[in-house]
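Engineer: what shape does this take:
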Amino acid sequence: MTTIHDVIIVGSGPAGWTAAIYTARAGLKPIVLGGTLEPGGALMTTTEVENFPGWPEGIAGPELMEKMQAQAERFGAEMRYEDAVELKLDGEIKTVVTESDTYQAKTVILALGSEYRKLGAPGEAEMSGKGVSYCATCDGFFFRGKEIAVIGGGDSAVTEALFLARFGSTVHVIHRRDELRASKVMADRLLEVDNIKMHWNSVVESVNGDQMLQSLTLRDTVTGETRDLPVNGMFVSIGHVPRTAVLGGQLELDDAGYIEVDSPSAKTSVPGVFACGDVVDSTYQQAITSAGSGAVAALDAEAYLMELEAKAAAN
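Structural biologist: Predicted structure coming up:
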């Protein structure tokens, strides 16, 4: 006979583990499907987290995730290293299918996360964590006094460049067009900073280095000419891709593909299904904001289960 769980949490980043802590403390015995390849989410590739409250000396991303997991398991959460490959969200009982098992639950909390959009340039993957980063607020401090490149031309890229200008000797903004896509106020602010240098009509052909990043090969999109730019750090800021393919169109998404929730709640378009973390947040994408939304999702799921119990008792 199939066990009907109270809560299944899909995802094991800061949002997923916070939701697990809250639901486990409420006695709901959540099952956490943390995945097989990258349990712990994006923080598993972050060497040092210095902006998460409570860690004045900083903490390694994987260690922070381990502590969140231990805290959730202390209260009764159960981790399964499985990937959800199919979701059936209609009806009062939801079904989550993995490659090895099928789970059913009254509520599902989706903490699917998002992934940084990659350039796809040769050498990018090899230099990830060795000078290549996708989060300025996470890693900018480590490039104090160094040559830094920012790839992109939207508001997020401009924001990252302005932040990195506090640390880097020079911040090279590399943009494939001859004008920024960012808002005028942000673009004007960027162009006023002395240690920011623009590289217009330029794309990254290759990311070069041995043990650490040493240079970028840039190609001029107008002339086709290539040149090498010596840098110690490269921050890619060309957007995120929410991990929503597994939903199969069952939930309402916004124009950018993120799950829509009835803010400030974590309620999705399907009753009993809640979403939190980067998969609902196209703006901040921070561990602490993800954790906060995980708490919201857990509290909403708990309230939903109490409503189900009240209805069952009334009948």
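
Engineer: stretch 90-109: how far from the chain's middle?
Structural biologist: 23 Å (C-alpha atoms, centre = their mean, to the nearest Å).

Engineer: scratch that, stretch 68-77
Structural biologist: Distance, centroid of stretch 68-77 to centroid of chain: 22 Å (C-alpha atoms, centre = their mean).

Engineer: contact partners of that stretch?
Structural biologist: Residues outside stretch 68-77 that contact it (C-beta atoms under 8 Å, 6 or more residues apart in numbering): 9, 12, 14, 17-18, 20-21, 23-25, 27, 29-32, 40, 79. Glycine gets a C-beta too; all of them are placed from N, C-alpha and C.

Engineer: which of those count as buried?
Structural biologist: 9, 12, 14, 17-18, 20-21, 23-25, 30-32, 40, 79 (16 or more other C-beta atoms under 10 Å).

Engineer: just these: which are in strands?
Structural biologist: Secondary structure from DSSP state E places 9, 31, 32, 79 of the buried ones among the contacts of stretch 68-77 in strands.

Engineer: contact partners for the last one?
Structural biologist: Read it as residue 79. By C-beta under 8 Å, 6+ apart, the residues touching residue 79 are 12, 32, 34, 39, 69, 72, 73.

Engineer: 6 Å instead, please
Structural biologist: 32, 34 (C-beta atoms under 6 Å, 6 or more residues apart in numbering).

Engineer: what's the pLDDT at it?
Structural biologist: Residue 79 is assigned 96 on the pLDDT scale.

Engineer: circling back: and of the ones in strands among the buried ones among the contacts of stretch 68-77, the nearest to residue 239?
Structural biologist: Nearest to residue 239 among those is residue 9, at 26.0 Å by C-beta to C-beta.

Engineer: so that closest one sits against residue 30, correct?
Structural biologist: Yes: at 5.3 Å, residue 9 counts as touching residue 30 under the criterion of C-beta atoms under 6 Å.

Engineer: any residues in contact with both of the two?
Structural biologist: Counting by C-beta under 6 Å, 6+ apart, the common neighbours of residue 9 and residue 30 are residue 20.

Engineer: low-confidence ranges in this protein?
Structural biologist: Residue ranges of the chain with pLDDT under 70: 1, 37-39, 45-47.

Engineer: so where's the longest helix in it?
Structural biologist: As assigned by DSSP state H, the longest helix anywhere in the chain is helix 287-314.

Engineer: thinking again about what came up before, restricted to helices, list the contacts of stretch 68-77.
Structural biologist: Using DSSP H, those in helices are 14, 17, 18, 20, 21, 23, 24, 25.

Engineer: now the second one, nearest residue through space, not along the chain?
Structural biologist: Put plainly, it is residue 17. Spatial nearest neighbour of residue 17, chain neighbours left out: residue 68 (3.8 Å); criterion: C-beta to C-beta, 6 or more residues apart in numbering.
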